[in-house]
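>>> I need the structure of the sequence given here:
(3 chains)
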Amino acid sequence: MNEIILITLAVLSTTVQVVLLVIFSIITGWFLAYGSIKSKIFENIYIIFIEIFESVPVITFFPIVLIIFITRIGGPLGTQIATDFLVFTAVVWNIWMGEYQAFKTVPNEMVEVTENSKFGLFSKLRYLYIPFSVPRIAANLFPSVSDGFFYITVSEVFTVGIHSYQTFGVGSVLDTFVADANLHAIYTTLIILGIFIIGIILILREFSKYAVSKYTLDTDTPVLKRGRLNLRETTRVFAALSKNPLSRLSKYYKYRETENHEEKYEKKQKKKKYYKYIYAAIGILVLILILYESISLILSVKISTWDILFSKTGYLLYGLGYDYLRVLTILLVSMLIAIFLGYYLAVNKKAELFGIPIIQTLSAYPAPIYFPFLFILTEPYIISVFGGFTNELYVLSLGFVSTFYYVLYSFWMGVKAMPGEYWEITRNLKLGFFKKMRKVILPSTFPYLISGISSTINSAWGGLMIGEYWPDIYGTHTLEVHTGLMKTIDLATANGQIALAAWGSLIFGIVVAIYSVIFTRRMMDVAQKKYVAEEGIYSS
Amino acid sequence: MDVIDPDARIADLVGLLYVLNNIFDGKTDLYRLEKEMEVDIDDLMPIVYTAANLNLVNVESGDISMSEKGIEYIKSGMFQRKNIIKDSLKNIEPFKTAISMNSFSIDDLLDRLKENGVQTFNNPDGTHNLEVILIEWGMYSKLLKKTDDGFEVIS
Amino acid sequence: MDANLKNQTISTAILEAENINFSYDNGYKVFENINIEANSGKFIAIIGPSGIGKSTLLRLLGGFLKPDSGTVKLMGKPIYEPIPEVALIHQSIVTFPWMTAEENVMLSMKTKSMSHDEMIKKARDSLSRVGLDGFEDLYPKEMSGGMRQRVAIARAFAADPYVFLMDEPFAHLDELTAEGLRQDIYNILFSGETPLKSVIMVSHNLTEVLELADEIYILNNIPASVVGKVEVAMKRPRNPRSDEFNSNLDMLYGYLTPPRKR
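As a prediction, the model looks like this:
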C-alpha cells in the first residue's frame, strides 16, 4: 500500500511540475508577446531567439544546463532547477510562439475598440489579448505537455562523471524499482502514470473544446476581401497553425490572418511610448547578458582544451552524419505510416473516434518510461533475427516511438482541412486511391506535412539522444550504437567531459539551425506559395 | 494618366457593355445602371472607370454611353475582342510602362511605375493586385506572356 | 432637442477637420487639404470611389491616426489620440466573443470611475436603447450579424460619445437586415436622450447615404480631396423610388465622373 502512495506521489510530483512549467510558460509568454507587438527591437531579438531555440532539439541544452545549474548552484536545488529548466525548454517555445502569433493577429478593429475606451496595458491584456490567445494556447498545450513528460522522466535521473543526480518523480522512482527488479511496483507505476496521462488528456480535450467554443472569432470580423482571396501568410503563422491538434482550430487560424498587413503603411499610430522603450531596453539587456556569458565561457576554456575540441570536430561531424541517416530512416517510416493511417483515420469516422484518443494517449505517454520493458520483452527474438543489427534497430525504434505522432497528426489534420470541393472532384473523376493520393491529397496536405516533418525531426533527436547510449537499460545491459554524435555527447557527459559534450552540442545546434534555415523554411515557403488548398477554392 | 483599376475584371467589362447595350440601348444614367445591376459604387466604378479609360464607353456628369469602339467590341467574336483590348491597353497603365520595359519582373515594374508617378499599386496589396491585373488583362488579351521570373511583351 | 443643443448648432461645429494632409510611410499622399465639419444634429456621410481612403479618413477624424498637418477638433478642442467621446463603429462587426452582450457593452466603461452596479445599469440601458433588452446574457456567437452590430452600437453608446464615426456599418449585413437596421439607427441616434450630437458615416452605398444623410461630402482624385459637398433637403422618410431621390443619386454620380486621374 505504501508503495502505491509513493508511486502516486511521484507521478503527482512529476505531473505538477510539468503543469506548473506550462503555466509559467503561458504567463511569461503573454508579457513577452505584448513586448514584441509594442517594440520592434524587442520583437526582432525575441523572434530570432524563439526560432533558433524552437528548431534546436531540447537536448542541446543539456551540457549548458549542467554547467550552470549543477556546478554553479549545486545541491538538490541545483538538480531540481536543472530538471525543470530542461523541461521548460521542451514546453516553452511552442507556447511562446503561439502567443506571439495570437497577439500579432488580433484584428486591428478590436484594438481600436480598446483604444477608443483608452485602455491601459493591463486592461488591454485582460480584455483583449489574453482571451484572444486562448485558442492558440489550447492548440499548443497538447504537444507541450507530452514533450514535457517525455523530458522530465529522463531528466529526473542523470549521471555526470562519478556523480549521479536525481530529483523525486516518476522517473527516479521507477529507476529505483528497476534497480531492485521490483516487477510489481514497476507495473503499478506504469499503470498509475497511464491513468494520470489519460486524465490530463481528457482535461486538455475539454479545455480545447471550451476554448474553441468561447474564444474563437467566427464571422465577427471577416478577413476575406470581397471577391478576392489573398492569403499571404508568414512562415511563423503557418508553422503554428499546422501544429494544431484540432482540425477546427487549424481551419480557424487559416483565416485569422488579418495580420498587420497595413502595419508599415499606417504610420504614426498612437502608442504608449514608455512601454516601447522599456521593452526595447529589456531586449537589448538580454542580448548583452547572453553575449557576456558566452564570451566569458569561451575565455574560460583553456587553449589546450580548444586544441582537443578542434581535433575531435571531424569525428563529431562524422557521427552527426550517421545520426542524420538515422533521423531520415525514422522519418521515412513515420511518413509511410502517417500517410496510410492518417488517411484512414480522416476518412473513417469510427476509426477516428477511437484512433485519435488512443494515439494522443500513446504520444503523451513518455517513451523512455515504457521502452525498457519493450526492450526486455522483445530483445531475445529480435537478436535471433537481426543479430548485430539489433541495437541499431532498437535505437531507431525509440526514435520512432518518440516522434511519429507528429507527422501522423499533421497529415490527419491536413486531410481533415481539405476543402470538401476537392473530395467531390476526386469522386467525380473516379480517381483510384494512389492517384487520389498523388494528385490531390498529398499536394493539398503538403504544408501540414512539412510542419509535421520538422516537428518529427526535432523530436527524433530526443529519442536518439536517449537511445544511442543508454547504460543499464535493464540490469547491467547497456543499449548503444557503434557511431553517433548523440552517443559521443552522452558518453562525454557520463564521463564528466563537459567541454566535449558542450562542443558537440554546439556543433549540433549550429548544423540543425542552418538546416532549419535552409531546408525547413524554404519548404515552408514553397508550401505556402503553391499548396495552400484553400486558395484553390475561389469564393466571392 | 489612365490606369486599369485593380478591381476591374474582364468579365465585368463584358457584363457592363452587355447591360448598357442590350437593356439601355447604349446610354443611361450611372445610378440607373447601379440599380439595374444591383451593385454599389465599389463594385460598379472600377469597371466603369476602366472601360472609360479603354475608350469603350464615355462617362461624363453621371451619364454613361457606349463608344464606337465599345459597340464594335460587343459585335465581335472572342478573338477580335482580345485584339481590341490589346490595342487599347497600350496607352494605359500599368501596360504602357510594361511595354516600355519589354521584359520585367513584377517588382521591377512596380518600381518603374512609382518612378512614373503611378500610385495605384503603391500600397500593401499592390504587388498582388498588379500581378492579377497583368494576368487578367495583359495575358488574356495576348499582350503579355509569362516568363520564369516575370512577364514579357509578345511582339 | 433642448435649447442648449440648438445653441451649439448655430455657434460651433461638433467635430471639425481643418486642412488635413496625410501620406503613408512610403510617400503615397492620400489626402490633401481635407475640410469637414459636422454640426450638431447632423448626419454626415462621406463617399468616394473604392480605394480613395474613406476608412483612413474616419480614423484620422477619430485620432487613431495622426495627420501630417491639420487638426481635428471636438467642440473646439484638438484631438490627438482616440477618446471615448468620439466612438468608432466598424464595418467588420466587432464584438468580443468571450464576453456576453452586457459584458461587451460594459467594456467601454472600464476606464471610467463607476461602480459595478452603475455599469450594469448603464449597459442595460444602452442595450435596450438599441432594442436588445433581454439579450444581456447572450454571447455574440448566439446572435445574428444584425444583432451583433446592435451590440457594438450599444457599446459605443455606453461611453456617452458626442460623435459616432461609422465605417460602412451595414456593409456586412444582408440587404434586408441592413435596411431594417438603417431605419432603426437613425431614430436611435437622434432620439435626444443621449449626449450624441453628430454622426459621420462613410459608405460606398449611395442609396444608403441618401436615405440617411443630411450632408454628403464627396471625395475624389489622387491625392483625395473634397470635390463636392451636398446638402440633402429631402423630407424623411425618404423613398428610394421617388424621382427626387433619383435626381439626387444622379447628382452624386456626377461628382464621381469622369474617371479620376492618378
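
>>> isn't residue A:399 right up against residue A:328?
No: the pair residue A:399 / residue A:328 is not scored as a contact, 10.7 Å apart, by C-beta atoms under 8 Å. To be clear about C-beta, it is placed using only N, CA and C from the backbone, and glycine gets the same treatment.

>>> higher neighbour count, these two?
residue A:399 (31 against 12; other C-beta atoms under 10 Å in any protein chain shown).

>>> Quickly find the element holding residue A:14.
Using DSSP states H and E, residue A:14 sits within helix A:2-38.

>>> where does residue C:96 fall, helix, sheet strand or coil?
Secondary structure state of residue C:96, per DSSP: H, G, I helix; E, B strand; the rest coil, is coil.

>>> can you tell me which residues contact the residue nearest to it when sequence neighbours are not counted?
Excluding the flanking residues, the one nearest residue C:96 by C-beta to C-beta, 6 or more residues apart in numbering or on different chains is residue C:104, at 5.7 Å. Contact partners of residue C:104, counting by C-beta atoms under 8 Å, 6 or more residues apart in numbering or on different chains, are C:95-96, C:140, C:151-152, C:154-155.

>>> try 6 Å this time
By C-beta atoms under 6 Å, 6 or more residues apart in numbering or on different chains, residue C:104 lies in contact with C:95-96, C:151, C:155.

>>> I'd like those residues laid out as TSV, including neighbour count and pLDDT.
Shown next, in TSV, are those (neighbours: other C-beta atoms under 10 Å in any protein chain shown; pLDDT from 0 to 100):
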residue	neighbour count	pLDDT
C:95	28	88
C:96	24	89
C:151	27	92
C:155	29	92
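
>>> ok, residue A:388 - how many residues close by?
8.

>>> Write out the residues of the stretch 101-250 of chain C neighbouring chain A.
Selection of the stretch 101-250 of chain C residues close to chain A by C-beta under 6 Å from any C-beta of the partner chain yields C:108, C:110-111.

>>> top of these by neighbour count?
Counting neighbours by other C-beta under 10 Å, residue C:108 comes out on top of those with 28 neighbours.

>>> Look up phi and psi at the residue nearest to it when sequence neighbours are not counted.
Spatially, and ignoring its direct neighbours in sequence, residue C:108 is nearest to residue C:159 (4.1 Å; C-beta to C-beta, 6+ apart). The phi/psi pair for residue C:159 (degrees, to the nearest 10) reads phi -90, psi 10.

>>> Roughly how far does residue C:159 sit from residue C:84?
4 Å (C-beta to C-beta, to the nearest Å).

>>> which of these two has more neighbours?
A direct count of neighbours by other C-beta under 10 Å for residue C:159 and residue C:84 places residue C:159 higher, at 23 against 19.

>>> and the more buried one, what does it touch?
Contacts of residue C:159 by C-beta under 6 Å, 6+ apart are C:84, C:87, C:108.

>>> Pick the one among these closest to chain A.
Nearest to chain A among the contacts of residue C:159 is residue C:108, at 4.7 Å by C-beta to the nearest C-beta.

>>> I'd assumed the closest one was in a helix, is it?
Yes: if the criterion is three-state DSSP, then residue C:108 is within a helix.

>>> Please report phi then psi for residue C:41.
According to degrees, to the nearest 10, residue C:41 has phi 80, psi 10.

>>> Over to residue A:472?
Reported as degrees, to the nearest 10, the phi and psi values for residue A:472 are phi 50, psi 50.

>>> Same check on residue C:65?
Residue torsions, per degrees, to the nearest 10, at residue C:65 are phi -120, psi 150.

>>> How about residue A:119?
The phi/psi pair for residue A:119 (degrees, to the nearest 10) is phi -70, psi 140.

>>> which non-adjacent residue is nearest it?
residue C:111 (6.3 Å).

>>> Would you mind confirming that the one you found is in contact with residue A:118?
Yes: the pair formed by residue C:111 and residue A:118 meets the contact definition of C-beta atoms under 6 Å, at 5.0 Å.

>>> Give me the common contacts of those two.
Residues within reach of residue C:111 and of residue A:118 at once, by C-beta under 6 Å, 6+ apart: there are none.

>>> which SS state does residue 148 fall under?
Let's take chain A. Taking three-state DSSP, the label given to residue A:148 is helix.

>>> likewise the one 5 residues further on?
Classification of residue A:153 using three-state DSSP returns helix.

>>> before we move on, back to that, how close does the residue nearest to residue C:96 get to residue C:127?
9 Å.

>>> now do residue A:497
For residue A:497 relative to residue C:127 (C-beta to C-beta), the value is 71 Å.

>>> Which one's more surrounded, these two?
With neighbours defined as other C-beta under 10 Å, residue A:497 and residue C:127 compare such that residue C:127 has more, 25 against 20.

>>> For the more buried one, give me the pLDDT.
Looking at residue C:127, its pLDDT reads 92.

>>> element containing residue 124, please.
No chain in the question, so chain A it is. Applying DSSP H and E, one finds residue A:124 within helix A:121-124.

>>> um, chain C though
Counting by DSSP H and E, residue C:124 is found in helix C:116-129.

>>> Show me which positions of that helix end up buried.
C:119-120, C:122-127, C:129 (16 or more other C-beta atoms under 10 Å in any protein chain shown).

>>> Kindly report the same for stretch A:435-453.
Here stretch A:435-453 shows A:436-437, A:440-453 as buried, counting by 16+ other C-beta under 10 Å.

>>> Just flag the most distant two among those.
A:436 and A:451 (22.3 Å; C-beta to C-beta).

>>> pLDDT below threshold where in chain B?
B:1 (pLDDT under 70).

>>> What residues does it have near chain C?
Near chain C, when you scan chain B using C-beta under 6 Å from any C-beta, you find B:3, B:29-31, B:40-42, B:45, B:49, B:52-53, B:59-62, B:119-120, B:122.

>>> What is the neighbour count of residue C:62?
For residue C:62, using other C-beta under 10 Å, the count is 25.

>>> er, residue A:354 I mean
For residue A:354, using other C-beta under 10 Å, the count is 10.

>>> same check, this time on residue A:283
Using other C-beta under 10 Å, residue A:283 has 22 neighbouring residues.

>>> try the one 3 residues further on
Residues contacting residue A:286 under the criterion other C-beta under 10 Å number 14.

>>> Give me the distance between it and residue B:146.
Here residue A:286 is placed at a distance of 47 Å from residue B:146 (C-beta to C-beta).

>>> just residue A:347 next, same as before
37 Å.

>>> And for residue C:31?
Distance from residue C:31 to residue B:146, by C-beta to C-beta: 37 Å.

>>> which stretches of chain C aren't confidently modelled?
Judged by pLDDT under 70, the stretches of chain C that qualify are C:1-11, C:259-262.

>>> For it, what lies in contact range of chain B?
Residues of chain C lying near chain B by C-beta under 6 Å from any C-beta: C:28, C:49-50, C:204-206, C:249-250, C:253-254, C:257-259, C:262.

>>> Got a quick ChimeraX command for the buried subset of these?
Restricted to buried positions by 16+ other C-beta under 10 Å, the ChimeraX selection for these reads:
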select /C:28,49,50,204,205,206,249,250,253,254,257,259,262
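
>>> Now the residues of chain C next to chain B in JSON lines, please, with extra columns for secondary structure and distance to residue B:101.
Output for the residues of chain C next to chain B, formatted as JSON lines (DSSP: H, G, I helix; E, B strand; the rest coil; distance: C-beta to C-beta, whole Å):
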{"residue": "C:28", "secondary structure": "coil", "distance to residue B:101": "22"}
{"residue": "C:49", "secondary structure": "coil", "distance to residue B:101": "28"}
{"residue": "C:50", "secondary structure": "coil", "distance to residue B:101": "28"}
{"residue": "C:204", "secondary structure": "coil", "distance to residue B:101": "34"}
{"residue": "C:205", "secondary structure": "coil", "distance to residue B:101": "39"}
{"residue": "C:206", "secondary structure": "helix", "distance to residue B:101": "39"}
{"residue": "C:249", "secondary structure": "helix", "distance to residue B:101": "42"}
{"residue": "C:250", "secondary structure": "helix", "distance to residue B:101": "42"}
{"residue": "C:253", "secondary structure": "helix", "distance to residue B:101": "36"}
{"residue": "C:254", "secondary structure": "helix", "distance to residue B:101": "38"}
{"residue": "C:257", "secondary structure": "coil", "distance to residue B:101": "32"}
{"residue": "C:258", "secondary structure": "coil", "distance to residue B:101": "29"}
{"residue": "C:259", "secondary structure": "coil", "distance to residue B:101": "25"}
{"residue": "C:262", "secondary structure": "coil", "distance to residue B:101": "20"}
